[in-house]
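[1] need the 3D shape of this:
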Amino acid sequence: MILLLSALAPVATIIIYIYVKDLYEKESKRMLAYAFLLGGIVSIIITTLLYLIFDYILPSPDNSNIWQQFVKAFFTVALIEEFSKYVMVWGFLQPKTWFNEPFDGIVYAVMVSMGFAAVENVMYVLQGGMDVALVRAFSAVPAHATFGIIMGFFMGKAKFSKNRIMWNFTGLMSAILFHGAYDFFLFINFIPGISIGAFISLIIGIILSKKAIKLHQDISHFKT
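    Numbering: from 1, shown residues only. Below you'll find the predicted structure:
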């Protein structure tokens, strides 16, 4: 039970943070739970199926080959996971009438991401224990949140733009870029000290995420 709570605590913290940042027209808790479950169930299923397909088609990468680890980071892990989250926001959330301001893109993308991160984190923490829980609370879980914020920022713009396809695609590609960069530096940890690149990319993602939140707060349709 302690391990389970340790795995879910950082997820809950990020959800509360984003809920508080939704200043002018908060989403209903029912819709937030719906988005969370889309990420924690449907996205996970899609991700699992795509991984099985990719594992069947592609050979296992050489862990000491930088190029193969680059392909794995960006074109397997990041692409599959972010696409699985993106489809939930694009197909089930963005078209809804209650997605009615740009900030909602951030809210719902983060909720989907946190649903996904919750399942992933529970699996890793139950296997690895408290040490893994502590490390992931300050790395992988916040990373998933930044990917969601960055994706959601552009998907929020897309909802109210004539160039919806372009902005949605930008959101997906931006999330893949940051996710891929984060994972790539971790995958090539056979190079001494290179893992610091993952945390630099995370810090950049956090800085951009805070700016994205502020920008969408400032243009809220409900700001008086």
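[2] distance check, residue 71 against residue 177.
    Applying C-beta to C-beta, to the nearest Å, the value for residue 71 to residue 177 is 15 Å. (Each C-beta comes from the backbone N, C-alpha and C, glycine too.)
[3] wait, I meant residue 86
    In terms of C-beta to C-beta, residue 86 sits 13 Å off from residue 177.
[4] shared neighbours, those two?
    Here residue 86 and residue 177 share no contacting residue, scored by C-beta atoms under 8 Å, 6 or more residues apart in numbering.
[5] and those two? which has more neighbours close in?
    Neighbour comparison, residue 86 and residue 177: the larger count goes to residue 86, with 25 against 17 (by other C-beta atoms under 10 Å).
[6] give the rounded mean pLDDT of stretch 99-113.
    When pLDDT is averaged along stretch 99-113, the result is 97.
[7] residue boundaries of the helices in the chain?
    2-21, 29-37, 43-57, 66-71, 79-88, 103-128, 130-137, 140-159, 164-187, 196-218 (DSSP state H).
[8] residue 139: neighbour count?
    16.
[9] with just CA atoms, put stretch 63-70 into CSV.
    Taking C-alpha atoms only, stretch 63-70 is exported to CSV below (Å, rounded to 0.1, in the frame of the first residue of the first chain):
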residue,chain,number,x,y,z
ASN,A,63,22.1,-0.9,-26.3
SER,A,64,25.6,0.3,-27.1
ASN,A,65,24.7,1.8,-30.5
ILE,A,66,23.9,5.5,-30.3
TRP,A,67,22.0,5.7,-33.5
GLN,A,68,19.8,2.7,-32.6
GLN,A,69,19.1,4.3,-29.2
PHE,A,70,18.2,7.5,-31.0
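[10] would you mark the buried spots in it?
    Judged by neighbour count using 16 or more other C-beta atoms under 10 Å, the buried positions of stretch 63-70 are 68, 69, 70.
[11] and those, which is closest to residue 2?
    Nearest to residue 2 among those: residue 69, at 34.2 Å, using C-beta to C-beta.
[12] could you find the closest non-adjacent residue to the closest one?
    Leaving out its chain neighbours, the residue that sits closest to residue 69 by C-beta to C-beta, 6 or more residues apart in numbering is residue 187, at 4.2 Å.
[13] which residues does that neighbour contact?
    Contacts of residue 187 (C-beta under 8 Å, 6+ apart): 63, 69, 72, 73.
[14] recalculate using a threshold of 10 Å.
    Neighbour list for residue 187: 61, 63, 66, 68-70, 72-73, 77, 180, 194-195, 198 [criterion: C-beta atoms under 10 Å, 6 or more residues apart in numbering].
[15] again, but for residue 17
    Contacts of residue 17 (C-beta under 10 Å, 6+ apart): 110, 145, 213.
[16] near the nearest residue in space to the first one that is not next to it in sequence, how many residues? Count them for me, please.
    This points to residue 110. Nearest non-adjacent residue to residue 110, counting by C-beta to C-beta, 6+ apart: residue 148, 4.1 Å away. For residue 148, the count of nearby residues is 33 (other C-beta under 10 Å).
[17] need the pLDDT of residue 148.
    Looking at residue 148, its pLDDT is 98.
[18] surely it meets residue 175?
    Yes - shown here, residue 148 and residue 175 form a contact pair, counting by C-beta atoms under 10 Å, at 7.4 Å.
[19] what touches both of those two?
    In contact with both residue 148 and residue 175: 82, 85, 86, 109, 113, 155, using C-beta under 10 Å, 6+ apart.
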